[in-house]
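Undergrad: Here is my input, please return the structure:
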Amino acid sequence: MLSKSKIKQIIEQVLNSSTSTQTEVVLSSSKNALTRFANNEIHQNMAWNSDFLNIRVVVNNKIGVASTGQLDEVSIKNTLQNALTLCKLQRADRFFSSLPKVNIKSDNFNNNLTEFSLSLMAEGVSEVISEAKKNNVVASGAYSCEESELSVANSLGTYAISNLSTFNLSTVVIGKNSSGFGATVGKNHSFINAQEVAKTAITKTIESENPTDIEPGEYEIILEPQAVSEMMAFLSWYGPNARIFHEDASCFSGKLGEKVFGENINLIDDPFHKLVFPMLFDYEGFPKQRLEIVKDGILKNIAYDSYHANKYGKKNTGHALVAPNTMGPVPLHMFIVPGNKTKKQMIKNVKRGLLVTRLWYVRVLNPKLLNITGMTRDGTFLIENGKIVRPVKNLRFNQSIVEALNNVVDIENKLTPIASFEGEMISLAPSLHISKWGFSSQTLF
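TA: Below you'll find the model as predicted:
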């Protein structure tokens, strides 16, 4: 991990040495730990540090980017030279205006982050393993921790620095012919309730023993928070994204101000929500803000970074990723606003449908329509007349996210912090009761 003085020294070295018209420095450093377990045994403990330096230079609207994982003086000098060389080889980008000039300097550097330890992580994992053994099931999974720093600065005076810590424990518990999933995330070890994670996964495993076949088709479903998060990750990337939106490749293209989802759907991108890991600025150092994307089913806003805001004459919303970013601006803290029903109440309202713990191996079939495919996993149950009646084997689905969010009957009254396996980011999600979800085929387990 780097001290504030070391961060400043590296940034000044780059900015003072650069011969370009404009220069940007993105510097990150992290301390990581990982405890992995399988077959009710810890089999791997790892701890490592990683650094990343990304330099972007601009000369006459030509842009060059280079990066390195080495922060010695020679490597930094060579990386800057590589960026300048690449800049000369580029064509001028007529849509590029300038790097952001942020007058208010952002400094959210906390010197009192909770220190993590491999012993605490091992204790948490041991609790999961102990509970699994008591119930004659097998637990596998991982407990990961990270303390990270992010700094963004440019030659126009922008300077932003922040740090945070994340803790993530997840497990898949396997029985004779069933499995269950449990996970939690938090800002330090005290947020991690290993007993609760174990209980959730083991209960799912026991309750889903001896699953029976069920015919594919269209069903009412209750998606639990993990499943919702895995679905919404794709909407974050392919939905309110200025690049995709203006290229007419988004499900939102041409629909600003129009109804896109059911009236009970409200989407907010909020990097300051008390349950998420705050990100005060984007990867250009531009201040983030709470952004209302969908209100009462109507599309209100999409995400912009400085490049696309200039290209399309819009306001920068602070959603830049690290250059060179070919994906476009992405809302990394988007969630569905909670409703007023508990999950139990939602289940009682299902006449005949399925309860889905999570989705697995989800892939996009059609980005414009946001059709996705994948399978249910780690606990799928048949609901009849408001009661869970039996576990069923998993099913493959082909479903439009847009259609699903136009058929939401009820939304859970709370948000659960989730580590999405599809979007590789921490998010918030409620359970959803959806009236129609298409399952295309059976699976063997």
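Undergrad: Now the phi/psi pair for Thr357, please.
TA: phi -70, psi -50 (degrees, to the nearest 10).
Undergrad: Wait, it touches Lys204, no?
TA: Yes. Between Thr357 and Lys204 there is a contact under CB atoms under 8 Å: 6.1 Å. Placement of C-beta: from N, CA and C, glycine included.
Undergrad: May I ask which helix or strand encompasses Ala201?
TA: helix 194-207 (DSSP states H and E).
Undergrad: Domain map for this protein?
TA: Annotated domains of the chain cover 4-201, 211-232+338-442 [automatic domain parsing].
Undergrad: Nearest to Ala320, out of those domains?
TA: Closest to Ala320 of the domains of the chain, according to CB to CB: domain 4-201, at 8.2 Å.
Undergrad: how near is Glu127 to Glu147?
TA: Distance, Glu127 to Glu147, by CB to CB, to the nearest Å: 23 Å.
Undergrad: Comparing those two, which residue is more hemmed in?
TA: Taking other CB atoms under 10 Å, Glu127 and Glu147 do not tie; Glu147 has more neighbours (21 against 18).
Undergrad: hang on, the more buried one is in a strand, isn't it?
TA: Yes. Assignment of Glu147 by DSSP: H, G, I helix; E, B strand; the rest coil places it within a strand.
Undergrad: Please look at it and Ser28 and confirm they touch.
TA: No. Assessed by CB under 8 Å, Glu147 is found out of contact with Ser28, at 11.4 Å.
Undergrad: quick revisit: residues bridging contact with Thr357 and Lys204, i.e. touching both?
TA: 180-181, 378-379 (CB atoms under 8 Å, 6 or more residues apart in numbering).
Undergrad: Relative to Lys295, which of these is nearest.
TA: Phe181 (32.6 Å).
Undergrad: Model confidence score at the closest one, please.
TA: Note for Phe181: predicted pLDDT of 97.
Undergrad: One more: Ser106?
TA: Ser106 is assigned 63 on the pLDDT scale.
Undergrad: Strands of the stretch 301-445 of the chain, residue ranges please.
TA: 334-336, 352-366, 371-384, 387-391, 395-400, 408-411, 416-419, 426-429, 432-442 (DSSP state E, counting those that start in this stretch).
Undergrad: Each with direction, which strands does the second one pair with?
TA: Spelled out, it's strand 352-366. strand 217-223 (parallel), strand 371-384 (antiparallel) (DSSP bridges).
Undergrad: The fourth one too?
TA: In the sheet containing strand 387-391, its partner strands are strand 371-384 (antiparallel), by DSSP bridges.
Undergrad: From Asn325, how far off is Val65?
TA: In terms of CB to CB, Val65 sits 10 Å off from Asn325.
Undergrad: Sorry, slip of the keys, the one I care about is Lys343.
TA: Per CB to CB, Lys343 is found 37 Å from Asn325.
Undergrad: With Phe37 instead?
TA: Computed with CB to CB, the distance linking Phe37 and Asn325 is 36 Å.
Undergrad: coming back round to it: now render the domains of the chain as CSV, adding distance to Lys295.
TA: Output for these, formatted as CSV (distance: least, CB to CB, whole Å):
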stretch, distance to Lys295
domain 4-201, 27
domain 211-232+338-442, 14
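Undergrad: surely Lys341 meets Val408?
TA: No. Between Lys341 and Val408 there is no contact under CB under 8 Å: 11.2 Å.
Undergrad: List the beta-bridge partners for the residue nearest to Glu196 when sequence neighbours are not counted.
TA: Excluding its sequence neighbours, the residue lying closest to Glu196 (CB to CB, 6 or more residues apart in numbering) is Thr184, at 6.9 Å. Counting by DSSP bridges, Thr184 is bridged to Leu169.
Undergrad: In this structure Thr184 contacts Phe191, no?
TA: Yes. The criterion here is CB under 8 Å, and Thr184 meets it with Phe191 at 7.3 Å.
Undergrad: of the two, who's got more company?
TA: Regarding Thr184 and Phe191, a neighbour count based on other CB under 10 Å identifies Thr184 as having more, with 20 against 14.
Undergrad: right, and the strands of the stretch 301-445 of the chain - which one's nearest Glu284?
TA: The nearest among these, by CB to CB, is strand 334-336 at 19.1 Å.
Undergrad: what lines up beside the closest one in the sheet?
TA: Assessed with DSSP bridges, strand 334-336 is paired to strand 267-269 (antiparallel).
Undergrad: Give the buried residues for whatever helix or strand comes next after the partner strand.
TA: Sequence order places strand 291-295 as the next helix or strand after strand 267-269, per DSSP H and E. Going by neighbour count (16 or more other CB atoms under 10 Å), the buried part of strand 291-295 is 291, 293-294.
Undergrad: Return the closest of those residues with respect to Glu215.
TA: Nearest to Glu215 among these, with distances taken as CB to CB, is Val294, at 34.1 Å.
Undergrad: hey, what's the closest one bridged with?
TA: Leu267, Leu299.
Undergrad: out of Val65 and Asn325, which sits in the busier spot?
TA: Neighbour totals were compared for Val65 and Asn325, and Val65 leads with 20 against 17 (other CB under 10 Å).
Undergrad: and that one, what does it touch?
TA: Val65 touches 54-57, 83, 86, 323-324, counting by CB under 8 Å, 6+ apart.
Undergrad: got it, and Pro240?
TA: 250, 252, 267, 269, 293, 299, 301-303, 331, 334.
Undergrad: and if you look at Leu2?
TA: By CB under 8 Å, 6+ apart, the neighbours of Leu2 are 10, 27, 29, 51, 71, 149.
Undergrad: ok, so of those, who is nearest Val102?
TA: Using CB to CB, the contacts of Leu2 come closest to Val102 at Leu27, 16.3 Å.
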